[in-house]
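S.K.: Quick one, structure for this:
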Amino acid sequence: MRHLALIVAGLALGIAGTLGIQHFTTTHDALAPYAGQQSRQVASLSASDIDDLSLGKGWGLARPAELNGYPGPLHVLELADDLGLSGEQRDAAQRSFDRMQSRARELGHALIAAEAGIDALFREAAADPETLNARLAVSEGLRSKLRATHLLAHLEVTPVLTTEQRATYKRLRGYGHAHGRH
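M.R.: Predicted coordinates:
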């Protein structure tokens, strides 16, 4: 029976290709990409996302800075010896990191709660355009503040490093000849 199903699927794909149908599929995954996610704590966030947000981790939000020559405080601290940081530079990077992480944790928890509130609207069949838009505005406002928190920390740390330290940082982080000017 399984062999017959494979033959039928193969024929269907062949016919679809002949007819120019590009996205023909017989898999359940394509029809239900969110299957298994209905038990998430917050539908829009994976368990890993929730952990990262709760801990104040970067969540990739500062990638434009990082990839364009603006080092992040955590990675500067991790590479302190390789970068030859002075005590003053280490202290400045640590202060920046501590401020950023404290604020990022606060905002991360608030973002998780805001996304849970959006879930609740739908779970409780209480979603209407006005309420949904209000909750989305809150959630996206928090995400924007969180992103700014991470990006601003990169702006804060960059001038603490010398040109040579920034070049070494890019090399050590694997960015080669990044185009960032800072």
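
S.K.: CA only for contacts and neighbour counts going forward, please
M.R.: Fine.

S.K.: what about the helices in the chain?
M.R.: Ranges of helices within the chain are 2-19, 28-31, 47-55, 63-66, 73-78, 80-83, 87-123, 129-157, 163-172, based on DSSP state H.

S.K.: Now mean neighbour count and distance to residue 37 too, for those, in TSV please.
M.R.: Conversion of the helices of the chain to TSV gives the following (neighbours: other CA atoms under 10 Å; distance: least, CA to CA, whole Å):
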stretch	mean neighbour count	distance to residue 37
helix 2-19	12	27
helix 28-31	10	12
helix 47-55	16	10
helix 63-66	18	27
helix 73-78	19	32
helix 80-83	15	40
helix 87-123	18	13
helix 129-157	18	20
helix 163-172	18	37
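
S.K.: tell me the average confidence for stretch 103-115?
M.R.: With pLDDT averaged residue by residue, stretch 103-115 scores 98.

S.K.: What of stretch 173-182?
M.R.: Across stretch 173-182, the per-residue pLDDT values average to 66.

S.K.: Residue 40 and residue 129: what is the separation?
M.R.: The gap separating residue 40 from residue 129 is 24 Å, by CA to CA, to the nearest Å.

S.K.: Residue 152 too?
M.R.: 34 Å.

S.K.: Could you list which residues are in contact with residue 47?
M.R.: 40, 41 (CA atoms under 8 Å, 6 or more residues apart in numbering).

S.K.: let's go with 6 Å and repeat that
M.R.: Residue 47 sits next to no residue when contact means CA atoms under 6 Å, 6 or more residues apart in numbering.

S.K.: Could you measure from it over to residue 78?
M.R.: Looking at residue 47 against residue 78, where the rule is CA to CA, the gap reads 26 Å.

S.K.: Kindly report the same for residue 147.
M.R.: 21 Å.

S.K.: now residue 103
M.R.: Noted for residue 103: a distance of 20 Å to residue 78, by CA to CA.
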